[in-house]
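> Okay, predicted coordinates and the sequence, questions at the end:
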Amino acid sequence: MGGHQRRAGRPCANAGKVTSGRTRHGGAWLKGVLGNAAAAAARSKNTYLAAQFRRLVDHRGKKRALVAVEHSILVAVWHILARDTLYQDLGADHFINRIRKSRQTRRLVSQLTQLGYDVSLEPRTNG
């Protein structure tokens, strides 16, 4: 969807030919509206789009993170219109909870072990 509106900023391979990851010009009105919506979504609190922006801005930069949020908004709007449904936000903790807790625990303990730490975990008791 984003590729048709020329707002997709990711590289793609088509029939063995790798194309550029640059965004094309696209519609000026769409670029303006999506840019404003992405900037507002990035400043919002406790939303999936804000979490996506914060997650990407550190290693991709502000502008590329905004383009990624624009693309997410465009895909969401397409699904909303195509399926005649309401928007359901995945939540700010989506990127934390999308991996099983046990798998994430194993990964983090493994990383600490590789850094030279001895790790022992005990479940927290609520009280």
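Looks like it arrived, so ask away. The shown structure was predicted, so the numbers you read here are calculated from the model rather than taken from an experiment.

> Pull the contacting residues for the closest residue to Leu90 other than its chain neighbours.
Excluding the flanking residues, the one nearest Leu90 by Cβ to Cβ, 6 or more residues apart in numbering is Tyr48, at 4.0 Å. Where you see a C-beta, it was placed from the backbone N, CA and C, and this is true even at glycine. Tyr48 makes contact with Asp89, Leu90, Gly91, Ala92, His94 under the criterion Cβ atoms under 8 Å, 6 or more residues apart in numbering.

> how close does the second one get to Asn97?
Okay, so that is Leu90. Here Leu90 is placed at a distance of 9 Å from Asn97 (Cβ to Cβ, to the nearest Å).

> quick one: the helices in the protein?
Under the criterion DSSP state H, the chain contains helices at 28-43, 48-60, 62-83, 94-97, 101-114.

> rewinding a little: the more surrounded of Leu90 and Asn97?
The neighbour count for Leu90 versus Asn97, taken as other Cβ atoms under 10 Å, is higher for Leu90 (14 against 11).

> Model confidence for the more buried one, exactly?
For Leu90, the model assigns a pLDDT of 90.

> And it, how close does it get to Arg100?
To Arg100, Leu90 is 17 Å away according to Cβ to Cβ.

> What of Arg60?
Arg60 is 26 Å from Arg100, where distance means Cβ to Cβ.

> Give me the more crowded residue out of those two.
Taking neighbours as other Cβ under 10 Å, Arg60 and Arg100 compare with Arg60 leading, 15 against 9.

> okay, the more buried one: pLDDT?
pLDDT at Arg60 comes out at 89.

> and what of Ala15?
Ala15 is assigned 69 on the pLDDT scale.

> hmm, who's touching stretch 91-108?
So stretch 91-108 is contacted by Lys45, Asn46, Thr47, Tyr48, Ala50, Ala51, Gln52, Arg55, Leu121 (Cβ under 8 Å, 6+ apart).

> And those, which is closest to Arg22?
Gln52 (20.6 Å; Cβ to Cβ).

> Tell me which residues touch the closest one, please.
Counting by Cβ under 8 Å, 6+ apart, Gln52 touches Ala65, Ala68, Val69, Ser72, Phe95.
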